[in-house]
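[1] turn this into a model:
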Amino acid sequence: MYIHDDDIKRQPRNQLLYAENREHFNALVAQGKITQLHNQNLSDADLRGFDLSNMDLSGSYMRGANLAGLDLSGANFSGVSLKHAKVSGCYFPKDLRADEIRLSLDFGTRIRHR
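    You can find the predicted model right below:
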């Protein structure tokens, strides 16, 4: 099932991420209780310090999110939109092409990955 951008924008935001409760979120990730954040509205979220390294982020809307310095090398970016996201020092998956990232950052196109 395809979810339209407008539908994602209307979804409630992930409370642990928007409350910037990094310790609790990362503890849940370490316990295997959080493994995916697909089809989430993560727009404008400050995600620095959150463990998203192996997260399924597929279909998520990340417009303006701060991903600076994150290791996302094992994350699934299929269908993610990164328009105007901050990605300085970010590690992306090796098989994710730079032009896919650039198109998404500049125009909000959905990333084709995996």
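
[2] every contact and neighbour count from this point should use C-alpha atoms.
    Noted.

[3] relative to the centre of the chain, pull out the residue lying furthest away.
    For the chain, the C-alpha lying farthest from the average C-alpha position belongs to Q31; by C-alpha atoms, centre = their mean, that distance is 20.0 Å.

[4] from A45, how far out is that one?
    Q31 sits at a distance of 23 Å from A45 (criterion: C-alpha to C-alpha, to the nearest Å).

[5] ditto for H38
    15 Å.

[6] before we move on, what about L57?
    Noted for L57: a distance of 14 Å to A45, by C-alpha to C-alpha.

[7] so for the two, which sits in the more crowded spot?
    Of the pair L57 and A45, L57 is the one with more neighbours under other C-alpha atoms under 10 Å, namely 23 against 20.

[8] name the nearest residue to that one, ignoring sequence neighbours.
    The shortest distance from L57 to any non-neighbouring residue, by C-alpha to C-alpha, 6 or more residues apart in numbering, is to H38 (4.5 Å).

[9] looks to me like the one you found is in a strand.
    No: assignment of H38 by DSSP: H, G, I helix; E, B strand; the rest coil gives coil, placing it outside any strand.
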